[in-house]
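Q: No sequence on hand, only this structure:
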């Protein structure tokens, strides 16, 4: 796996990867129209704008020239009350064939180092209440439960857990 910082030229690859990774992980949970509405939010224009915005940081992982994982850090928009400078881990995905090989650990090391380098004293994220694998992963790094959140997928509201990592 080759990891690198993503930029505007990666918008199309990230649109595809974001849609594929969300569908692979959660697609079976939703009515087709709700999933389609959610995935429609991942557009070239939206990704290109975020990748060009210095407030965002995106790391992309490639294997054999194909994008297979990414993480996105951004200004907080979750309903949280930071205790200091904060950053939000908006997305953290690795396609299933690359699970269990240490790639997620490498990506999380980047997340934490980048958050610290940007002056954050805490990282926030939301995770689906029934995504036990992800919850265990985040807890391993010291993320603590900090509330709940309604994550919308089309017209469907999921119960997400808000998590906080003091840095």
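A: Sure, I can see it. Model, not experiment: these values are computed from the prediction.
Q: So what pairs up with the residue lying closest to residue 83 once chain neighbours are set aside in the strands?
A: Using C-beta to C-beta, 6 or more residues apart in numbering and skipping the chain neighbours, the partner closest in space to residue 83 is residue 122 (6.4 Å). Using the backbone N, CA and C atoms, a C-beta is placed for each residue, glycine as well. Taking DSSP bridges as the rule, residue 122 bridges to residue 86, residue 166.
Q: Surely residue 122 and residue 84 touch.
A: Yes - assessed by C-beta atoms under 8 Å, residue 122 is found in contact with residue 84 at 6.4 Å.
Q: Double-check residue 137 against residue 104; I have them as touching.
A: Yes - counting by C-beta under 8 Å, residue 104 is a contact partner of residue 137 at 6.5 Å.
Q: picking that back up, tell me how many other residues crowd the residue nearest to residue 83.
A: Around residue 122 there are 20 other residues, counting by other C-beta atoms under 10 Å.
Q: and if you look at residue 114?
A: 19.
Q: Same check on residue 83?
A: Around residue 83 there are 10 other residues, counting by other C-beta under 10 Å.
Q: The residue most central in space within the chain in helix, strand or coil?
A: Closest residue to the average C-alpha location of the chain: residue 91 at 0.8 Å, with C-alpha atoms, centre = their mean. Here residue 91 is strand, with the state taken from DSSP: H, G, I helix; E, B strand; the rest coil.
Q: gap between the two ends of stretch 45-62?
A: 22 Å (C-alpha to C-alpha, to the nearest Å).
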